[in-house]
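**Student:** Build me a model:
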Amino acid sequence: MEDIQNHKDHRNIDIDQVGVKGIRYPITVLDKDMGEQQTVAEINMYVNLPRYYKGTHMSRFVEILNEHSRRISLENFAEILAEMKERLNAQSAHMEIAFPYFIKKCAPVTGSEGLMEYRCIFKGSLDSGTDLMIIIHVPISTLCPCSKEISEFGAHNQRGEVRLQVRFKKFVWIEDLIKIVEESASTDVYSVLKREDEKYVTEKAYQNPMFVEDIVREIAVKLNNDSNITWFAVESENFESIHNHNAYAYIEKRKNTRL
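**Tutor:** You can find the predicted model right below:
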């Protein structure tokens with residue numbers, strides 16, 4: 001049968017990325033406590049397309065996923081990218097794997113167990129070299145230092161979210177990155193809290209007020225001291241409880257430069 005994709009295109013324009021988006025697929029993620037965790041990811045896969053090809057072979061992306069079955073993880077990410085380049089005759093390959101990751105988390109006083117969900121993304125590309133990145137979204141709670149200072153009693157607090165991106169030399173645990181973020185907030189967010197836990201969390205936040213500026217700086221200091229991290233970007237957003245806007249801060253750093 002005739003292969004239309006391999007026909008020449010008269011417009012003489014390269015395409016940077018072409019491929020498939022939104023593939024729902026089961027994957028295996030390494031779990032620091034349990035060994036492995038099964039989850040369902042949404043996967044995007046792209047390659048570049050030179051100007052002399054009319055189209056790429058979309059079915060080959062899915063074939064590559066099927067050949068790896070459930071063995072899709074950060075450990076074989078580069079291998080999959082290399083297969084994409086080879087099978088699709090491309091100079092560069094790109095893949096994004098977004099998935100929910102669950103960690104069992106105990107309430108601070110009663111020890112009541114619950115599952116916390118964290119949104120994670122593995123993102124990578126392969127051209128002249130391999131570039132891999134982990135992105136995590138971590139819910140946090142903050143209490144406003146200014147509100148505490150000016151109020152006779154109480155202070156406004158709110159939930160927020162930290163979005164952390166890192167590049168690294170060797171394997172890094174998702175749990176370790178989450179811990180860095182949560183320890184930099186006024187207090188953690190939990191899925192299950194009894195009254196004793198709620199009292200503890202509320203008082204802890206009051207004793208540890210944090211602006212979004214404080215949070216990104218605290219995280220940046222910790223990542224800057226981690227020799228395994230080569231680059232990071234951290235952003236913190238508060239979903240404000242008394243303002244009609246959100247508070248936001250962002251830091252990006254390549255480790256061979258100063259903060």
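**Student:** Residues touching the helix or strand harbouring T202, excluding its own?
**Tutor:** If you go by DSSP states H and E, T202 is part of helix 195-207. Outside of helix 195-207, the residues within contact range by CB atoms under 8 Å, 6 or more residues apart in numbering are 107-110, 112, 141-143, 148, 155, 157, 186-188, 190, 193. In this view, the C-beta of every residue, glycine as well, is placed from N, C-alpha and C.
**Student:** Next SSE downstream of it?
**Tutor:** helix 212-224.
**Student:** And the contacts of whichever helix or strand comes after that next one?
**Tutor:** Sequence-wise, the next helix or strand downstream of helix 212-224 (DSSP H and E) is strand 229-238. Contacts with strand 229-238, where a contact means CB under 8 Å, 6+ apart, come from 140, 142, 158-169, 172, 212, 215-216, 219-220, 223, 246-255.
**Student:** report the angle between the axes of strand 229-238 and helix 212-224?
**Tutor:** 160 degrees (axes from the mean of the first three to the mean of the last three CA atoms, to 10 degrees).
**Student:** Buried residues in the next helix or strand after strand 229-238, which are they?
**Tutor:** Downstream of strand 229-238, the next assigned helix or strand under DSSP H and E is strand 247-254. Across strand 247-254, burial judged by 16 or more other CB atoms under 10 Å covers A247, A249, I251, K253.
**Student:** Spit out the contact partners of the first one.
**Tutor:** By CB under 8 Å, 6+ apart, the contact list for A247 reads F211, V212, E237, N238, E240.
**Student:** what's the answer for the third one, then?
**Tutor:** With contacts defined as CB under 8 Å, 6+ apart, the neighbours of I251 are V216, R217, I219, A220, F232, A233, V234, E235, L259.
**Student:** Narrow these to just the buried residues.
**Tutor:** Using 16+ other CB under 10 Å, the buried members of these are V216, R217, I219, A220, F232, A233, V234, E235.
**Student:** and the least confident helix or strand in the chain by mean pLDDT, how far from the chain's centre?
**Tutor:** When each helix and strand of the chain is scored by mean pLDDT, DSSP states H and E, helix 58-68 comes last, with a mean of 88. Computed by CA atoms, centre = their mean, to the nearest Å, the chain-centroid distance of helix 58-68 equals 24 Å.
**Student:** of all the buried residues of strand 247-254, which comes closest to H57?
**Tutor:** Among those, K253 lies closest to H57 (CB to CB), at 39.4 Å.
**Student:** just checking, that closest one touches N224?
**Tutor:** Yes: using CB atoms under 8 Å, K253 is in contact with N224, at 7.0 Å.
**Student:** Dig out what the closest residue to E213 other than its chain neighbours forms beta bridges with.
**Tutor:** Nearest non-adjacent residue to E213, counting by CB to CB, 6 or more residues apart in numbering: A249, 4.9 Å away. Taking DSSP bridges as the rule, A249 bridges to S236.
**Student:** Now do the contacts for A249.
**Tutor:** A249 touches F211, V212, E213, I215, V216, E235, S236, counting by CB under 8 Å, 6+ apart.
**Student:** how near is V40 to E175?
**Tutor:** 20 Å (CB to CB, to the nearest Å).
**Student:** Neighbour count: those two, which is higher?
**Tutor:** For V40 versus E175, the count of surrounding residues by other CB atoms under 10 Å is larger for E175: 15 against 10.
**Student:** for T28, which residues make a bridge with it?
**Tutor:** Beta-bridge partners for T28, by DSSP bridges, are Q38.
**Student:** In this structure it contacts V40, no?
**Tutor:** No: with contact defined as CB under 8 Å, T28 does not reach V40; the gap is 11.1 Å.
**Student:** which of the residues in stretch 225-240 are buried?
**Tutor:** Here stretch 225-240 shows D226, I229, W231, F232, A233, V234, E235, S236, E237, N238, E240 as buried, counting by 16+ other CB under 10 Å.
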